[in-house]
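1. Okay, predicted coordinates and the sequence, questions at the end:
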Amino acid sequence: MIKTITKKMDILNGPIIQNIIFFAIPIFLTSSLQQLFNAADIIVCGKFVGSTALAAVGANSQIINLFVNSFMGLSIGANVMIANYIGAGKTHKIHNVVHTAMTFAYVFGIFLMIIGLFFSRNILILLGTPDEILKPATLYLQIIFVAIPFIVVYNFGAAILRSIGDTKRPLILLTATGLLNVVMNIFLVVFFKLGVSGVAIATALSNVVNAIVIVYLLIKEKSDIKYNIKEWIIVPDSLVKIMRIGIPSAISGMVFSLSNLCVQAAINSLGTKTIAANTAALNIESFTFYITSAFSQACLTILSQNYGAEQFARCKKIVNECIILSMIFNGIIVLIIKIFTDPFLNIFTNDLDVVNIAKIRIDIVTTLSFIQPIYETHGSALRVLRHPYIQTVAVIFGIIVFRTMWVFTVFPLYPNYVTVCAVYPLSWVILIIFMFVAYMVIGKKMLRPMTSI
């Protein structure tokens, strides 16, 4: 049965570098297309509605990321468990993991939707969102929350597919729905003049399509990850194992987002144009994170299967080569952004003041983003090695505590956008040191026989 389930990509054998690249690039393209959902909203708002609408959508970016990161982190648990079972030859356990993960996705998605619909305005007020954009920002956020259950289901389904090395079908799906989102954006905003609500509706509908198709793919799957939509079950043992890995990953992602919400509050205090500028720059910069995340996920799945197969020497090579490759590809993207900064920013806005402010973030934050793969890849390795909480602790102190202290101590002394941007690379350096030391200590366990999972 192992031969059948790993037919998408044999990541237990063959050249490591080739496997990493072939696994990571489709994930990067998939994440980039997901980002284009939001980027399409921002571009249409900036070009056809104005800077106020651009700021209204941008004020929600970190809030949405907080929720999205939570269930993306949880879905990692299912990915790791299935990949481990494949490597260890325990494919008979996969059925329960798949069905438990998907049932949990439905329940968790509905829960998040209810929370979001009731507290959207309160969250935006808490973050100090300017009054001039509060109403459209609230409307945008509420419409997105209606689609949250579908976003959760898609990400869990995509994580299940990636566990067997299938990164191509999620890419094809996101390509199709990304184009659909762009078309609907133009249609609803330009022709129907729906403004912020129009771009939100387009994004929501695109995510509905994503969820429906990903579930269909799992239903039609011929391998051990085949899904029966009538089988709504939560197997306690499977759920515990998914959560054991997923919860620390979710917490780490949420901590990043919480720290960014704190930073967003500081940005909001600098005015609408700074909010708009940060939104545009962040959307360009996000591609550096997505390439980092893609190689991190490649490490997660490939390492999980090889660790399950007890190929410990190969595991060490996987971690090291993921870091090197990720830094190289990240550096290439940074170089492209630096060369084409003005054309990229002009896609989002025609406001020269907004463009000049956005360049500050690109010069300070984006330029140094090539160092992120060091802590991201080590974090993935620690999850596989059953020490996910080490990354959580590191992120809490290295990111949320440091960034919060910075906003409440340094920023009041120097209340400008340069001060805000400086907090990002400084916190990365702290996290890199912590994660490197932790991996070097815990990594020795890769040479020991793996205990039963």
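-> In hand now; what should we look at?

2. At which residues are the helices of the stretch 201-350 of the chain located?
-> 236-268, 272-308, 312-339, 341-348 (DSSP state H, counting those that start in this stretch).

3. Show me the one of those that comes nearest residue 106.
-> Judged by Cβ to Cβ, the one of these that comes nearest to residue 106 is helix 236-268, at 13.4 Å. The way it works is simple: take the backbone N, C-alpha and C, and place the C-beta from them, glycine included.

4. orientation of that closest one relative to helix 272-308 in degrees?
-> Orientation note: helix 236-268 sits at an angle of 150 degrees relative to helix 272-308 (axes from the mean of the first three to the mean of the last three Cα atoms, to 10 degrees).

5. How far away from the center of its chain is helix 236-268?
-> Relative to its parent chain, helix 236-268 has a centroid offset of 11 Å by Cα atoms, centre = their mean, to the nearest Å.

6. same question, stretch 154-161
-> With Cα atoms, centre = their mean as the basis, the mean position of stretch 154-161 lies at 13 Å from the chain mean.

7. In contact with the residue sitting nearest the centre point of the chain, which residues?
-> Taking Cα atoms, centre = their mean, the centroid of the chain lies closest to residue 69, which sits 5.8 Å from it. By Cβ atoms under 8 Å, 6 or more residues apart in numbering, residue 69 lies in contact with 250, 253-254, 256-257.

8. That one: which element?
-> Assessed by DSSP states H and E, residue 69 sits inside helix 61-88.

9. Toward the C-terminus, what is the element adjacent to that helix?
-> That would be, after helix 61-88 and using DSSP H and E, helix 94-126.

10. Next, the angle helix 61-88 makes with that following helix.
-> Taking the same axes, to 10 degrees, helix 94-126 and helix 61-88 form an angle of 170 degrees between their directions.

11. Which strands or helices does helix 94-126 pack on?
-> Secondary-structure packing of helix 94-126 (3 or more Cβ pairs under 8 Å, 6 or more residues apart in numbering; DSSP states H and E): helix 61-88, helix 131-146, helix 148-162, helix 195-220, helix 236-268.

12. And the residue nearest to the centre of the chain, how far from residue 134?
-> Per Cβ to Cβ, to the nearest Å, residue 69 is found 24 Å from residue 134.

13. again, but for residue 42
-> On the measure of Cβ to Cβ, residue 42 and residue 134 end up 18 Å apart.

14. Those two - which one has more neighbours?
-> A count of neighbours by other Cβ atoms under 10 Å puts residue 42 above the other of residue 42 and residue 134, at 25 against 15.

15. Run through the residues that contact that one.
-> With the criterion set at Cβ under 8 Å, 6+ apart, residue 42 makes contact with 54, 57-58, 279-280, 283, 348.

16. Residue 150 too?
-> 109, 207-208, 210-212.

17. Quick one: which of those is the most crowded by neighbours?
-> Counting by other Cβ under 10 Å, top hit in those: residue 210 with 28 neighbours.

18. now the strands for the stretch 301-450 of the chain?
-> For the stretch 301-450 of the chain, applying DSSP state E, counting those that start in this stretch gives no strands.

19. so where's the stretch 101-250 of the chain shaky on pLDDT?
-> The model of the stretch 101-250 of the chain has no residue with pLDDT under 70.

20. Going by distance to residue 364, which of the contacts of residue 42 wins?
-> Closest to residue 364, out of all of those and judged by Cβ to Cβ, is residue 280, at 15.0 Å.

21. What's the local residue count around that closest one?
-> Neighbours around residue 280, by other Cβ under 10 Å: 31.

22. now residue 72: how far from residue 66?
-> From residue 72 to residue 66 the distance is 11 Å (Cβ to Cβ).

23. Of those two, which one has the most company?
-> residue 72 (22 against 18).

24. Quick check: closest non-adjacent residue to the more buried one.
-> Nearest residue to residue 72 in three dimensions, chain neighbours excluded: residue 155, at 5.4 Å (Cβ to Cβ, 6 or more residues apart in numbering).

25. Contact partners for that neighbour?
-> Contacts of residue 155 (Cβ under 8 Å, 6+ apart): 68, 71-72, 75, 105.

26. For burial, what's the neighbour tally of residue 275?
-> By other Cβ under 10 Å, neighbour count at residue 275 equals 29.

27. What of residue 14?
-> Residue 14 has 11 nearby residues by other Cβ under 10 Å.

28. Look up the pLDDT of it for me, please.
-> We note a pLDDT of 75 for residue 14 in this prediction.

29. what's the helix or strand for it?
-> Per DSSP H and E, there is no helix or strand for residue 14.

30. quick one, phi psi at it?
-> Backbone torsions of residue 14, given as degrees, to the nearest 10, read phi 80, psi -180.

31. Export the helices of the stretch 201-350 of the chain as TSV, with columns for distance to residue 412.
-> Listed next are the helices of the stretch 201-350 of the chain as TSV, based on distance: least, Cβ to Cβ, whole Å:
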stretch	distance to residue 412
helix 236-268	9
helix 272-308	16
helix 312-339	31
helix 341-348	29
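
32. and among these, the most buried is which?
-> helix 272-308 (a mean of 26; mean count of other Cβ atoms under 10 Å).

33. Helix 341-348 and that one, what's the angle between them?
-> 110 degrees.

34. before we move on, the earlier item: what is the distance between the helix holding residue 69 and the centre of its chain?
-> Averaging C-alpha coordinates over helix 61-88 and over its chain gives two centres that are 9 Å apart (Cα atoms, centre = their mean).

35. State the mean pLDDT of that helix.
-> Averaging pLDDT along helix 61-88 yields 82.

36. Can you check what angle separates it from helix 148-162?
-> Using the same axes, to 10 degrees: helix 61-88 against helix 148-162 is 30 degrees.

37. Make 17 the first number, not 1, from now on.
-> Shifting the count to begin at 17 puts that one at helix 77-104.

38. buried stuff in helix 77-104?
-> Neighbour-count burial for helix 77-104, counted by 16 or more other Cβ atoms under 10 Å, picks out 77-104.

39. Quick check, residue 395 in contact with residue 268.
-> Yes - under the criterion of Cβ atoms under 8 Å, residue 395 makes contact with residue 268 at 7.0 Å.

40. Could you tell me which residues touch both of the two?
-> residue 407.

41. Turn the helices and strands packed on helix 110-142 into a markdown table, columns for distance to residue 328.
-> A markdown table is the format used below for the helices and strands packed on helix 110-142 (distance: least, Cβ to Cβ, whole Å):
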| stretch | distance to residue 328 |
| --- | --- |
| helix 77-104 | 12 |
| helix 147-162 | 44 |
| helix 164-178 | 23 |
| helix 211-236 | 32 |
| helix 252-284 | 19 |
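
42. So the residue nearest to the residue nearest to the centre of the chain when sequence neighbours are not counted versus residue 230, what's the distance?
-> Leaving aside its sequence neighbours, residue 85 sits nearest to residue 269 (Cβ to Cβ, 6+ apart; 3.1 Å). Here the criterion is Cβ to Cβ. By it, residue 269 lies 20 Å from residue 230.
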